[in-house]
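Q: coordinates only, sequence not included:
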């Protein structure tokens, strides 16, 4: 199957492009949390990682609680407006739907 082709299973169509977009969207909240931990526990001299390891040791067990919330916020702020923008504004373009969706998300991200 090529990119974006539908796969039928359990009575519903699943697109690979949609699954790839969901996987990519799930990575941003995790990167945000890791960069926040690095910023919060940063040593001004850059010699120790003790604070970062402590915050990560506390944050990792609770990740199933806050990562879905961060992913939902990311979807509300960037992915859904980008999809709407790509669907409405770029409707006349002869590009695949996933390209229009990506361009809409990039446009929202730049603005």
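A: Received it, and whenever you're ready, just let me know what you need. Predicted, not measured: the structure shown is a model, and the values here were computed from it.
Q: how about residues contacting the helix or strand encompassing residue 82?
A: If you go by DSSP states H and E, residue 82 is part of helix 80-88. Residues outside helix 80-88 that contact it (C-beta atoms under 8 Å, 6 or more residues apart in numbering) are 97, 100-109. Just so you know, the C-beta spots here come from the backbone N, C-alpha and C atoms, and that holds for glycine as well.
Q: packing partners of the helix or strand that comes right after it?
A: Scanning forward in sequence from helix 80-88 by DSSP H and E, the next helix or strand is helix 97-110. Packed against helix 97-110, as judged by 3 or more C-beta pairs under 8 Å, 6 or more residues apart in numbering; DSSP states H and E, are the following elements: helix 16-40, helix 80-88.
Q: mean pLDDT lowest for which of these?
A: Ranked by mean pLDDT, the helices and strands packed on helix 97-110 bottom out at helix 16-40, with a mean of 71.
Q: packing partners of the helix or strand following that helix?
A: Counting by DSSP H and E, the element after helix 16-40 in chain order, helix or strand, is helix 50-59. Applying 3+ C-beta pairs under 8 Å, 6+ apart, one finds that helix 50-59 makes contact with helix 16-40.
Q: swap the cut-off to 10 Å and go again
A: When contacts are defined as 3 or more C-beta pairs under 10 Å, 6 or more residues apart in numbering; DSSP states H and E, helix 50-59 sits against helix 16-40, helix 63-74.
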